[in-house]
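K.L.:
Return a 3D structure for these sequence lines:
(2 chains)
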Number of protein chains: 2
Amino acid sequence: MLINLGGGLPDPKTFPWEEVGRIVDALLRDRADQALQYADVEGLEEVRREISRFIYRRGVSINPDQILITGGAKEAIFLISELFSQNTVASEEPTFQGFIGTMSFRGLRAYPIPWDERGPMTEVLERKLKALKMWADPIKYFYVVPVHNPTGRVMSMERRKHLMELATDFDFQVIEDDIYGFFTYDSPPELSLKSMDKEGRVFYISSFSKIISPGLRIGFIAYEGREIEKLASIKGEINHQVSTLDQLIVGEMLGRGIVDSIIENSRLLYKKKRNITVDSIEEYFPSTTGCTYPEGGFFALCRGEGLNSSSLAVEAMRRGVRILPGEKFFFSAESGKNSFRLSFSYPTEEELVEGIKVLGSLLKEVK
Amino acid sequence: MLINLGGGLPDPKTFPWEEVGRIVDALLRDRADQALQYADVEGLEEVRREISRFIYRRGVSINPDQILITGGAKEAIFLISELFSQNTVASEEPTFQGFIGTMSFRGLRAYPIPWDERGPMTEVLERKLKALKMWADPIKYFYVVPVHNPTGRVMSMERRKHLMELATDFDFQVIEDDIYGFFTYDSPPELSLKSMDKEGRVFYISSFSKIISPGLRIGFIAYEGREIEKLASIKGEINHQVSTLDQLIVGEMLGRGIVDSIIENSRLLYKKKRNITVDSIEEYFPSTTGCTYPEGGFFALCRGEGLNSSSLAVEAMRRGVRILPGEKFFFSAESGKNSFRLSFSYPTEEELVEGIKVLGSLLKEVK
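P.N.:
Have a look, this model is predicted:
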């Protein structure tokens, strides 16, 4: 039996399968002609309207026609990356491996801005922006996951404000990946960067993958600028539209007002797992391995001096535990090789304890 | 009320909504943990196995692990186009507007090979291949829709054989878009080009959009070469995977053996509409407008000397009838401007007659 501390899979206990079943029954009975037919590239208007209402909870106020429905947040990132050109993108580091993958696929480099426990170090970004102003193309985009993957840290309000000031002063766009935005465990969610955006500078990306179901692949981009139409036309060339049935399932889940209680139940469930994770790390890991304390999200990032995380992952797999080597979350593999990511969202509570125990003994041997 | 003779929408009467409903009920009751969870990029193994069995009906014999599930046939085309480089692609002309769109999006040009009533003129392709051999990069890919969009003509066996011989002699790959492969109305479907492919030269593309539902967005590529893995990894960078729920719906539809009767009923329904189309054209169109006789598929292409199809489409829209200007189906707009595409799949029988009648009077006025 494999214990999966690797991927960011949601706990299947959070899947609202009964509600989805009832919704699909009604959709196929009452309007199969629409639910099984083609839809417009940008997504169904009624679903975009529900999404527009939904993200108001994150402080985002935007019209339905400024929302583009995408095949998960990953497709949202891929589409936006069509706007990038060389030497114009900066990003937090470490960050979501899917963003690093997209950049590498496109042959683009990002200026990496390090995280500390309060978020991407905006003072480093500021120095970089000033330095580049003299010498190179200016930075036009900054990618950030405020409830962070892979560290589980939550970007502080001070840093959020600073980032938005920098965006204004140095005229760049922010790509905010808010996929874990509802999942903070020690205090209510901070409002999104987008909610502080007075100038239409933030591409707000999110998804229902962690809230309803990742199998439905419903993500979206919210953005006021005319680039949203360009992104829709690019999506038209890639794959036309996202599944009409899946769009309508999400639209109905939102319209029936059952998503808030799902989110709250999931939050409590993940908080409990977070606590188990922190306690088990404390109990089983050697003192030479340090892990971030996850205030939110699905992950902790752990680090040990002299650790080779790739061989660690291979050996852990041999003992039945899957983790992801840190290299995946850094633009240069070298930077990540001492670290590894632990995901606590998917395994059961028992598996979590057992998995961390196995890793603990392994880390003690490696030492 | 708009009469839609524009898009290639299936008739909603063909949608198996009751079966889909029963399948979703069972999926959510018995294995929601899987149906709503992430899946691997290439698609669920059990669904690829069903697809592999299914396309045996088209003479295609291929392993499940040589199948990549895609977001419709359009995404399949987009993915394969990642393999293209400048001056290495040839294509039938006219052809599916989605292929032309992809080429244009990528800034690539295709060598256009004209269709006559028996298929792409392979003798023209042969001359082109010989000429290019002397002067330029060789052609590496040829795109073809054997049950043709936009003409509704079916590629003859002689042409199929000739194309496959040329592929061997001049060492290029064929991209066969078989999306209408089951829909021929005067004789049983010809076997696919892929069924004649002894050397693994044919990328076989199809989709369940016209058979089960386009809203589910389940298409696929079948190919023996190692490029199939490369295409999967590119898909991983674009949007990871196609909806797990939709994959399983299609897999179950195939597994339960209900697809054959759906196809046969649809074929009869579309054949009746084809006949109405042909009769109405005969009755209402001026003799100066000539249309292809659709042996298969969803469309006829019509042409009139001196016709401006863009203004025709605009004027038809004013009178409540949607058609697509021919320009969309040709690589150079100039070539298509005398022609327009009629789609007979979506409208009711009454709408078909009425729509063609309206177009007929318009064509007489324009003359």
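
K.L.:
give me the number of residues near the residue in the stretch 251-367 of chain A that chain B sits nearest to?
P.N.:
For the stretch 251-367 of chain A and chain B, the shortest gap (C-beta to the nearest C-beta) falls at A:Tyr346, measuring 9.1 Å. Any C-beta I mention is one placed from the backbone N, CA and C, and that applies to glycine too. Other residues near A:Tyr346 number 22, with proximity taken as other C-beta atoms under 10 Å in any protein chain shown.

K.L.:
and it, helix, strand or coil?
P.N.:
coil (DSSP: H, G, I helix; E, B strand; the rest coil).

K.L.:
A:Glu46 - nearest residue in space that isn't next to it in sequence?
P.N.:
A:Gly251 (5.7 Å; C-beta to C-beta, 6 or more residues apart in numbering or on different chains).

K.L.:
circling back: confidence score at the residue of the stretch 251-367 of chain A closest to chain B?
P.N.:
The model reports A:Tyr346 with a pLDDT of 98.

K.L.:
mind listing what it touches?
P.N.:
A:4, A:7-11 (C-beta atoms under 8 Å, 6 or more residues apart in numbering or on different chains).

K.L.:
which among those end up buried?
P.N.:
A:4, A:8-11 (16 or more other C-beta atoms under 10 Å in any protein chain shown).

K.L.:
Including distance to B:Tyr293, pLDDT and secondary structure, could those residues go into CSV?
P.N.:
Output for these, formatted as CSV (distance: C-beta to C-beta, whole Å; pLDDT from 0 to 100; DSSP: H, G, I helix; E, B strand; the rest coil):
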residue, distance to B:Tyr293, pLDDT, secondary structure
A:Asn4, 57, 98, strand
A:Gly8, 54, 93, coil
A:Leu9, 53, 97, coil
A:Pro10, 53, 98, coil
A:Asp11, 58, 98, coil
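
K.L.:
And these, which is closest to B:Val89?
P.N.:
Using C-beta to C-beta, A:Gly8 comes nearest to B:Val89 of these, at 38.1 Å.

K.L.:
shaky segments in chain A?
P.N.:
A:367 (pLDDT under 70).

K.L.:
State which helix of it is the longest.
P.N.:
helix A:259-284 (DSSP state H).

K.L.:
and the next element down the chain from it?
P.N.:
Using DSSP states H and E, the helix or strand that directly follows helix A:259-284 along the chain is strand A:289-291.

K.L.:
Following element in sequence after that next one, please.
P.N.:
strand A:299-304.

K.L.:
Parallel or antiparallel, list what pairs with that following strand.
P.N.:
Applying DSSP bridges, strand A:299-304 is found paired with strand A:289-291 (antiparallel), strand A:339-343 (antiparallel).

K.L.:
now it and helix A:259-284, what's the angle there?
P.N.:
20 degrees (axes from the mean of the first three to the mean of the last three C-alpha atoms, to 10 degrees).

K.L.:
I'd like to know how far the closest residue to A:Lys140 other than its chain neighbours sits from chain B.
P.N.:
The shortest distance from A:Lys140 to any non-neighbouring residue, by C-beta to C-beta, 6+ apart, is to A:Thr88 (4.2 Å). According to C-beta to the nearest C-beta, to the nearest Å, A:Thr88 stands 20 Å off from chain B.

K.L.:
for A:Thr88, what are its contacts?
P.N.:
Here A:Thr88 is in contact with A:137-141 (C-beta under 8 Å, 6+ apart).

K.L.:
Equivalent analysis for A:Gly219, please.
P.N.:
A:69-76, A:179, A:205-209.

K.L.:
for A:Leu359, same thing?
P.N.:
Applying C-beta under 8 Å, 6+ apart, the residues near A:Leu359 are A:5, A:284-285, A:316, A:321, A:323, A:342.

K.L.:
Quick one: neighbours of A:Leu216, just the number.
P.N.:
Count around A:Leu216 with other C-beta under 10 Å applied: 27.

K.L.:
Around A:Tyr56, how many other residues sit close by?
P.N.:
The burial count for A:Tyr56: 12, using other C-beta under 10 Å.

K.L.:
follow-up on the earlier one: show me which of the contacts of A:Thr88 are buried.
P.N.:
A:139-141.

K.L.:
Among the residues you listed, name the ones in strands.
P.N.:
Judged by DSSP state E, the buried ones among the contacts of A:Thr88 include A:Tyr141 as members of strands.

K.L.:
Strands of chain A, residue ranges please.
P.N.:
For chain A, applying DSSP E gives strands covering A:3-4, A:67-71, A:89-93, A:111-116, A:119-120, A:141-144, A:173-177, A:202-207, A:218-222, A:289-291, A:299-304, A:321-322, A:324-325, A:339-343.

K.L.:
before we move on, the earlier item: what are the phi and psi angles of the residue nearest to A:Lys140?
P.N.:
phi -130, psi 10 (degrees, to the nearest 10).

K.L.:
quick one: it and B:Leu83, what's the gap?
P.N.:
28 Å (C-beta to C-beta, to the nearest Å).

K.L.:
Same check on A:Lys337?
P.N.:
Counting by C-beta to C-beta - A:Lys337 and B:Leu83 are separated by 33 Å.
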